[in-house]
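Participant: Fold the stuff below for me.
(chains A, B, C, D, E and F)
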There are 4 protein chains.
Amino acid sequence: MAQNSTSTSHDYEEKLQGLLDVAATIFADKGYHHASIRDLSRKAGVSLSGLYYYFSSKEELLYMIQERSLRRIVDSLRDKLEDLDNPEEKLRALVHNHVSFYVSNMAAMRVITQEYDALEGEYRTKIRERRLEYSNLCTEILREVRRFTGGGDVVPLNVATFALFGMMNWIYAWYRPGSNVPTERLAEHLYRLFAGGFTGARRR
Amino acid sequence: MAQNSTSTSHDYEEKLQGLLDVAATIFADKGYHHASIRDLSRKAGVSLSGLYYYFSSKEELLYMIQERSLRRIVDSLRDKLEDLDNPEEKLRALVHNHVSFYVSNMAAMRVITQEYDALEGEYRTKIRERRLEYSNLCTEILREVRRFTGGGDVVPLNVATFALFGMMNWIYAWYRPGSNVPTERLAEHLYRLFAGGFTGARRR
Amino acid sequence: MAQNSTSTSHDYEEKLQGLLDVAATIFADKGYHHASIRDLSRKAGVSLSGLYYYFSSKEELLYMIQERSLRRIVDSLRDKLEDLDNPEEKLRALVHNHVSFYVSNMAAMRVITQEYDALEGEYRTKIRERRLEYSNLCTEILREVRRFTGGGDVVPLNVATFALFGMMNWIYAWYRPGSNVPTERLAEHLYRLFAGGFTGARRR
Amino acid sequence: MAQNSTSTSHDYEEKLQGLLDVAATIFADKGYHHASIRDLSRKAGVSLSGLYYYFSSKEELLYMIQERSLRRIVDSLRDKLEDLDNPEEKLRALVHNHVSFYVSNMAAMRVITQEYDALEGEYRTKIRERRLEYSNLCTEILREVRRFTGGGDVVPLNVATFALFGMMNWIYAWYRPGSNVPTERLAEHLYRLFAGGFTGARRR
DNA sequence: AATGAATGAGGGTTCATTCAT
DNA sequence: CATGAATGAACCCTCATTCAT
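Facilitator: Numbers count the residues shown, from 1 in each chain, chains lettered A, B, ... in the order given. Next up is the predicted model:
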């Protein structure tokens, strides 16, 4: 209950996350390569060298942004799936989870979507694994949906998976939160567009 | 008819297009900001300063790549639409046109998709106009489709438009030509996924 | 006799010497300027700032390493000289003392040999004095040898002195302890090479 | 005979060599790691970035300095050896060649002597080979000398080789050209010191 | 129509050192 | 005694671009 330690790793974590947030914004705005550590230094009010106490390279910074957001989005999805049995509801949960997370973390999600190629070596490998984990989760749900609705397998599951992610990840290019389409509704639109095509694609 | 001048604008045009192609590949690979004019000089076998005879800045290079490809894709679409009356066939033509062009010009299309923000000022304005022209074309077709199939207007047309482009533009992230899904079939898959959802979204 | 204080200058001295040893190794390996205090912090298992309790600057660290080793080598030489009368034996003692100390303190000796120029101001002055003391000792012995063997003074004493130190200080560049030439023998080889030339140089 | 080309690779070579000379001086003065490319830029009157037209990294600069001097000293030695048969004369030529080159190229030679460890990878390998070539040449001459003078093999040839180089390479630490010992005489002193010990070492 | 040589601005990163705790 | 957190200065290097030739 007591919470009286003066300076703990809690402070560190908080400051680090703050830096990651600012960095995500900058990376989203100018692109990873065009963004400079000096930009971050300026916006975060931390000296250039002081930043390196929190990460050891610009690339690690990029990695941390991607890793943390991917983990959060997948964790939050798994949470929601636990309470659901109906495959279509699961798919619906996935879309709503993704879209809602995307909109509230536009910067980080855009970085994930656009700056994967900027990672190299081990960083890239680890992020690839996390992405794969996520898309596999999606593919499995789609498999259940198809089994459940009895649709023909006209469209390969992986094509469908990527089509869905394409629809959702393109959001950054046009959608602005606070527009006349609320996020909830946007998610529902995308869900219906995709699900309608996916389950209905059998007849033809 | 005469073609006897030793060095004509034909040569110039050919060489320029060659440079644009190489540049598109590099920009697609490394991203606009990370790519360097030196990379282009090396890959194209032209001296660094020699390049500046063909374009006046790196940004103009980026602009030309985007402008030319956008023009070609829209022109080719308009061509195909002329012969069609059925709205669903028009939508189908749009998807096939986009996907087929995308796959055979992966580099340039990726640059269009990902490096729009790298443009500034007048360049950006002009490309925005071309993009708008293209997406308006799409929205109009969707409007016709909806009128034709009599679907309810659950999903706003602009949302649908962007969803469709999202699906198609995500191709670069996963599809490799020569895979076991031929381009033709890929286009058909995407068309059915989208059209099924878009026209079927009324019932629910 | 009493040794009951919990933390004495003995502890301090011991820890300091440990740090100097580690530092000497690092300086020898990477060179003074290329080595970083962070390297020392890592290798010594002491925090970066914690190091500054033991020395006040990187340069002082370098100074202490050189000063202590120079003092030890000269002290040990003086000790040995006390028991000797024969000039040639004195020269032999000098060579053996130097070589044996050099090999067992390769790191520090290499630092002395190579990083004198890195010192500035007072530090440099003090080390210069110690070096001078040592080389004067050598020159004096050579003078005695020459008087004793009656050789002509073809080779100036200072040239001979530096030639001798050159031979001995180059050891770091090629000799590895544990090779098939034991240190004792190495010293004897160098002694004979030099003494033979120095005392024999008269005839010609 | 005509030599009227306006701007040729001759200019380039000349400028490069000039830069290498200035760089060698700086490296000799401050040490490779402590010296900065900015120092070179300043002293050479060339912009920082302009330097990179002539070399691609600080390390390549170091490599070129070492490589060129090593080649020159070995080439010049081979030249002189061609006219000689007597082994002792060959040894004498080696010492005179080394010392005279050393003194007239003090900076570069000091860099070779002191900054070998700063090289890494391929650069290091190549310089090691050149050094080996040189020291092998020396060892072979010593072998001939021993055979010729019939001395016992008390001192291993490699020990003798390194002792000789040690004597000669220590020059930078004390000798100043223009002192009261002319270079010619210095070389002769060192030759006699070494040769006397090496050939005389048999008697004992 | 093309190039070699050069530049200023800015990039990411490391460094020795400090200071409150 | 020892540390975590921070900093200013300096580092090497790359960049898009220019200009005389």
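Participant: what helices or strands is whichever helix or strand A:F194 is part of leaning on?
Facilitator: Counting by DSSP states H and E, the element that carries A:F194 is helix A:183-200. The contact analysis (3 or more C-beta pairs under 8 Å, 6 or more residues apart in numbering or on different chains; DSSP states H and E) places helix A:183-200 against helix A:87-104, helix A:121-149, helix A:157-169, helix B:157-169, helix B:183-200. Quick note: C-beta positions are derived from backbone N, CA and C, even for glycine.
Participant: Could you list the residues of chain A in contact with DNA strand F?
Facilitator: Contact residues (C-beta under 7 Å from any atom of the strand) of chain A with DNA strand F: A:7, A:9, A:11-12, A:15, A:46-50, A:52-54.
Participant: Let's have these in JSON lines, adding neighbour count.
Facilitator: Formatted as JSON lines, these follow (neighbours: other C-beta atoms under 10 Å in any protein chain shown):
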{"residue": "A:S7", "neighbour count": "7"}
{"residue": "A:S9", "neighbour count": "9"}
{"residue": "A:D11", "neighbour count": "11"}
{"residue": "A:Y12", "neighbour count": "12"}
{"residue": "A:K15", "neighbour count": "14"}
{"residue": "A:V46", "neighbour count": "18"}
{"residue": "A:S47", "neighbour count": "10"}
{"residue": "A:L48", "neighbour count": "12"}
{"residue": "A:S49", "neighbour count": "9"}
{"residue": "A:G50", "neighbour count": "12"}
{"residue": "A:Y52", "neighbour count": "15"}
{"residue": "A:Y53", "neighbour count": "13"}
{"residue": "A:Y54", "neighbour count": "19"}
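Participant: Can you tell me which of those residues end up in helices?
Facilitator: Using DSSP state H, the subset of those located in helices is A:9, A:11-12, A:15, A:48-50.
Participant: Now render these as a markdown table, adding distance to chain D.
Facilitator: Below are these laid out as a markdown table (distance: C-beta to the nearest C-beta, whole Å):
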| residue | distance to chain D |
| --- | --- |
| A:S9 | 36 |
| A:D11 | 37 |
| A:Y12 | 33 |
| A:K15 | 33 |
| A:L48 | 19 |
| A:S49 | 18 |
| A:G50 | 24 |
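Participant: For A:G50, which non-adjacent residue is closest in space?
Facilitator: Leaving aside its sequence neighbours, A:G50 sits nearest to A:S41 (C-beta to C-beta, 6 or more residues apart in numbering or on different chains; 7.8 Å).
Participant: Poorly predicted segments of chain A, please.
Facilitator: A:1-8, A:151-153, A:201-204 (pLDDT under 70).
Participant: Output the residue of it whose distance to chain C is smallest.
Facilitator: A:Y53 (11.1 Å; C-beta to the nearest C-beta).
Participant: For that residue, give me the backbone phi and psi.
Facilitator: When read as degrees, to the nearest 10, the backbone of A:Y53 gives phi -70, psi -20.
Participant: Might you enumerate the residues of chain A proximal to DNA strand E?
Facilitator: Residues of chain A lying near DNA strand E by C-beta under 7 Å from any atom of the strand: A:6-7, A:35-39, A:48-49, A:52, A:56-59.
Participant: Please write out the alpha-carbon positions of stretch A:156-166 in PDB.
Facilitator: Output of stretch A:156-166 as PDB, limited to C-alpha atoms (Å, rounded to 0.1, in the frame of the first residue of the first chain):
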ATOM      1  CA  PRO A 156      -7.300 -17.900 -49.500                       C
ATOM      2  CA  LEU A 157      -7.100 -17.200 -45.900                       C
ATOM      3  CA  ASN A 158      -3.800 -15.300 -46.100                       C
ATOM      4  CA  VAL A 159      -5.100 -13.100 -48.800                       C
ATOM      5  CA  ALA A 160      -8.100 -12.300 -46.700                       C
ATOM      6  CA  THR A 161      -6.000 -11.600 -43.700                       C
ATOM      7  CA  PHE A 162      -3.800  -9.200 -45.500                       C
ATOM      8  CA  ALA A 163      -6.800  -7.500 -47.200                       C
ATOM      9  CA  LEU A 164      -8.200  -6.900 -43.800                       C
ATOM     10  CA  PHE A 165      -5.000  -5.500 -42.300                       C
ATOM     11  CA  GLY A 166      -4.700  -3.300 -45.400                       C
END
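Participant: In it, which residues are buried?
Facilitator: A:157-166 (16 or more other C-beta atoms under 10 Å in any protein chain shown).
Participant: Residues of chain A that sit close to chain B?
Facilitator: A:30-34, A:114, A:117-118, A:154-156, A:158-160, A:162-163, A:165-171, A:173-175, A:181, A:186, A:189-190, A:192-198, A:200-201, A:204 (C-beta under 8 Å from any C-beta of the partner chain).
Participant: Show the buried residues in those.
Facilitator: With burial judged by 16+ other C-beta under 10 Å, the buried subset of the residues of chain A next to chain B is A:31-34, A:114, A:118, A:154-155, A:158-160, A:162-163, A:165-171, A:173, A:175, A:181, A:186, A:189-190, A:192-198, A:200-201.
Participant: For the most centrally placed residue in chain A, which non-adjacent residue is closest in space?
Facilitator: The residue lying closest to the centre of chain A (C-alpha atoms, centre = their mean) is A:M109, at 4.6 Å. Of all residues not flanking A:M109 in the chain, A:Y102 sits nearest, at 4.6 Å (C-beta to C-beta, 6+ apart).
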